[in-house]
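Student: what's the 3D shape of this:
(chains A and B)
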Amino acid sequence: KAGVTQTPRYLIKTRGQQVTLSCSPISGHRSVSWYQQTPGQGLQFLFEYFSETQRNKGNFPGRFSGRQFSNSRSEMNVSTLELGDSALYLCASSFTHNEQFFGPGTRLTVL
Amino acid sequence: GQNIDQPTEMTATEGAIVQINCTYQTSGFNGLFWYQQHAGEAPTFLSYNVLDGLEEKGRFSSFLSRSKGYSYLLLKELQMKDSASYLCALVDDYKLSFGAGTTVTVRA
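Tutor: Sure thing, here's the model as predicted:
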């Protein structure tokens, strides 16, 4: 069974630009969660989707948004990038809430 | 809100046992996870506790006491490859909240 895949793996953007990250969950998993990981703040929850509906979101500004498609693939978008948005963005999928499987992450650098 | 505390660093010798404690305060609780994360890699699932007691899985065991807001991860027969960050995480309402992680260094 293929794992969670994320594209792209690495991304460099400049301040003010926007970025879209993609996540394909494990086949059969309908829940997709997104996290931001930085050395200073650790792993922080962004949002969770199930069957195209956002069920919960973390404490991030409205510049961070996401969506999920009918095939459970998910995207997250960050608009008007700031230097502080440089981070590893992790996606995780799950069949139930008992276990989340993480993808390799997208390393975003904002210059 | 939630507050999760775990030690920042621990060092142990190959073959030894290490116990990583996690204390938490939370308004809602649907379970507690332990994840392992090697530098530059994604977290990988180790254990999930939703009821009080000990869950054993090979060299790793995890314990939960909901009344005390306390969990620990026990790593036995430490190997060099166990050097990693260990993350305690609470799940509530489809949301995982992570502790800052405990960096374990295994020395020969």
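Student: show me what from chain A comes close to chain B.
Tutor: Selection of chain A residues close to chain B by Cβ under 8 Å from any Cβ of the partner chain yields A:31, A:33, A:35, A:42-45, A:48, A:50, A:55-56, A:58, A:90, A:92, A:97-105. C-beta here means a position set from N, CA and C on the backbone, and glycine is covered the same way.
Student: tell me the buried residues within the residues you listed.
Tutor: When those are checked for burial by 16 or more other Cβ atoms under 10 Å in any protein chain shown, the buried set is A:31, A:33, A:35, A:42-45, A:48, A:50, A:56, A:58, A:90, A:92, A:97, A:100-105.
Student: please point out which parts of stretch B:65-83 sit buried.
Tutor: So for stretch B:65-83, counting by 16+ other Cβ under 10 Å, buried means B:G69, B:S71, B:Y72, B:L73, B:L75, B:L78, B:D82, B:S83.
Student: phi, psi of the second one?
Tutor: Per-residue torsions, B:S71: phi -140, psi 160 (degrees, to the nearest 10).
Student: check contacts around the residue nearest to A:F50 when sequence neighbours are not counted.
Tutor: Distances taken as Cβ to Cβ, 6 or more residues apart in numbering or on different chains place A:S31 nearest to A:F50, at 4.7 Å, with adjacent residues excluded. Going by Cβ atoms under 8 Å, 6 or more residues apart in numbering or on different chains, A:S31 touches A:P25, A:E48, A:Y49, A:F50, A:S93, A:S94, A:F95, A:H97, B:Y94.
Student: quick check: the third one touching A:Q68?
Tutor: Yes. Using Cβ atoms under 8 Å, A:Y49 is in contact with A:Q68, at 3.7 Å.
Student: who has more neighbours out of the two?
Tutor: A:Y49 (27 against 23; other Cβ atoms under 10 Å in any protein chain shown).
Student: tell me what the more buried one is bridged to.
Tutor: A:V32, A:Q54 (DSSP bridges).
Student: quick check, pLDDT for it.
Tutor: For A:Y49, the pLDDT comes out at 95.
Student: ok, now B:S62?
Tutor: Value for B:S62, per-residue pLDDT: 97.
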